[in-house]
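S.K.: Predicted coordinates and the sequence they were generated for:
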Amino acid sequence: MRNDNDAPKSIQETLLGRFIGPLFLCSFVMACILSGCSGTILMPALSTYEVQVADLQDNGYPNTGSPRQSSFASFTFQTDAGYFAVTGTTTMYNFDPEYAQIGLRIDGVDQTPLTFKANTQQVFFVPLDTTGTLRTIELRSGAQSDPSGVVMGSFIDAVAYPPGAEFAVVAPTVGSRILFYGDSITVGSDSKYPTNDGYTVLLRDVYGLRVMVEGWGYRSLFDDAATSTAQGSFTARIASFSPVAAVFFIGTNDYGLNRWPASDFGRAYASTLDKLHAASPEAKVFCVTPIPRISEVANSFGDSLGDYRSQISSAAASRPWVKLIDGTAILSTGDLDADGVHPTTAGQAKLAKALAPYL
């Protein structure tokens, strides 16, 4: 879990701190002014490595286009440098500045995320106390959201380090991957730091599971499975990642955003399960029903959230290769943030603890 005592201070504090002298600070600031802090030239003395798609662990998207990099896709490298700089881009800031962040871990310890100050590309300077000690650094793409048809998030572009310092990209591991399909709950919304505290991240860090996230805020089954053709394309995409397990944690937005009636949702949900099983017959499938909401009154179709849960339960019951998990047995309304929909940081931890034994 996060150790705030070990976390880097703000960029301003670290640049003015004991690690970097005034001359270095002037050089860094001048380089940013000359480059606009938007290219690969971070400062004259640094070597730059552009992050490639093949470098990213548990990533389902390219570095260009939309969406860019899956939520919590990770880039890991080792260095013995005394400092390094990260270039990142966010499209999340104007929508939700609180979550315009890139995650940072040093030698397996969570640090305060790198926080953007605007909807743009930005350079982050990270000190490492001493030179000559080999450390493992992990950067994580931020949480994502899609309220209007364009996926927004925070992405890793490049890393720069002093010439002569050791720098080696850690190749992504190959092995048992669990794919989570979900919405804002699955990308850790309303936790303190989603890149540290989201339940999918905790399943990696605390429980040692390989986790890939196919999800963003506002996502619903309707977005991916409204037609048979869409269901086929979506399940083919999931199968292309060769997961040993797929976890469906979807449905609260189908209800809450009035996407379609529960009966239509249920038919599409069942059909999507069948198509996924046909495309990836060896993958285990877990279906988690939506967690409680403070208000679950009937939506514009006259259906309560319980009606959508019942459709999921029916689909799972008639398919022996599907395991049903009752979300209402994991969290209560007391585990929700003030919006009455999303789990708190502690609620995210409870989700991870409850799901880990199944996986």
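M.R.: On my side now, so go ahead. Numbers count the residues shown, from 1 in each chain.

S.K.: Tell me where the chain has helices.
M.R.: 11-16, 22-35, 194-197, 199-205, 221-225, 228-240, 252-256, 262-279, 305-317, 345-355 (DSSP state H).

S.K.: Which of those helices sits closest to residue 98?
M.R.: With Cβ to Cβ, the closest approach to residue 98 among the helices of the chain belongs to helix 194-197: 9.5 Å. The way it works is simple: take the backbone N, C-alpha and C, and place the C-beta from them, glycine included.

S.K.: contacting residues around the closest one?
M.R.: Contact with helix 194-197 is made by 1-2, 71-72, 99, 101-104, 110, 113, 140, 142-143, 187-188, 191, 201, 345, 348-349, as judged by Cβ atoms under 8 Å, 6 or more residues apart in numbering.

S.K.: before we move on, back to that, Throw the helices of the chain into TSV and include mean neighbour count, distance to residue 57 and mean pLDDT, thanks.
M.R.: Shown next, in TSV, are those (neighbours: other Cβ atoms under 10 Å; distance: least, Cβ to Cβ, whole Å; pLDDT from 0 to 100):
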stretch	mean neighbour count	distance to residue 57	mean pLDDT
helix 11-16	14	26	35
helix 22-35	14	29	36
helix 194-197	27	14	98
helix 199-205	24	9	98
helix 221-225	21	24	98
helix 228-240	16	16	98
helix 252-256	25	27	98
helix 262-279	20	23	98
helix 305-317	20	30	98
helix 345-355	20	18	98
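
S.K.: would you turn those helices into JSON lines with distance to residue 153?
M.R.: Converted to JSON lines, the helices of the chain look like this (distance: least, Cβ to Cβ, whole Å):
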{"stretch": "helix 11-16", "distance to residue 153": "21"}
{"stretch": "helix 22-35", "distance to residue 153": "23"}
{"stretch": "helix 194-197", "distance to residue 153": "11"}
{"stretch": "helix 199-205", "distance to residue 153": "15"}
{"stretch": "helix 221-225", "distance to residue 153": "16"}
{"stretch": "helix 228-240", "distance to residue 153": "18"}
{"stretch": "helix 252-256", "distance to residue 153": "18"}
{"stretch": "helix 262-279", "distance to residue 153": "24"}
{"stretch": "helix 305-317", "distance to residue 153": "27"}
{"stretch": "helix 345-355", "distance to residue 153": "18"}
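
S.K.: and of those helices, who's closest to residue 86?
M.R.: Nearest to residue 86, of all those, is helix 11-16, at 10.6 Å by Cβ to Cβ.

S.K.: now the end-to-end length of stretch 217-233.
M.R.: Terminal residues of stretch 217-233 lie 21 Å apart, using Cα to Cα, to the nearest Å.

S.K.: So residue 294 versus residue 330, what's the distance?
M.R.: 16 Å (Cβ to Cβ, to the nearest Å).

S.K.: between these two, who's got more neighbours?
M.R.: residue 330 (20 against 10; other Cβ atoms under 10 Å).

S.K.: circling back: which among the helices of the chain is found nearest to residue 179?
M.R.: Residue 179 sits nearest to helix 228-240 of all these, at 6.2 Å, using Cβ to Cβ.

S.K.: Not counting its own residues, what contacts the closest one?
M.R.: Helix 228-240 is contacted by residues 60, 179, 181, 214, 224-225, 246, 268, 271-272, 275-276, 278-280, 283 when judged by Cβ under 8 Å, 6+ apart.

S.K.: ok so, going back, out of the contacts of helix 194-197, which are buried?
M.R.: 2, 71-72, 99, 101-104, 110, 113, 140, 142-143, 187-188, 191, 201, 345, 348-349 (16 or more other Cβ atoms under 10 Å).

S.K.: C-alpha coordinates for stretch 137-155, CSV please?
M.R.: Provided in CSV are the C-alpha atoms of stretch 137-155 (Å, rounded to 0.1, in the frame of the first residue of the first chain):
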residue,chain,number,x,y,z
ILE,A,137,10.5,2.2,-11.4
GLU,A,138,6.9,1.5,-12.5
LEU,A,139,4.7,4.2,-14.2
ARG,A,140,1.0,3.6,-14.7
SER,A,141,-1.5,5.1,-17.1
GLY,A,142,-4.2,6.9,-15.3
ALA,A,143,-7.9,6.2,-14.9
GLN,A,144,-10.1,6.9,-17.9
SER,A,145,-13.6,8.3,-18.6
ASP,A,146,-15.9,8.6,-21.5
PRO,A,147,-18.9,10.9,-20.8
SER,A,148,-19.4,12.0,-24.4
GLY,A,149,-18.0,9.4,-26.8
VAL,A,150,-14.3,10.3,-26.6
VAL,A,151,-12.2,8.3,-24.1
MET,A,152,-10.1,10.6,-21.9
GLY,A,153,-7.2,9.6,-19.7
SER,A,154,-3.5,10.2,-18.7
PHE,A,155,-0.8,8.5,-20.7
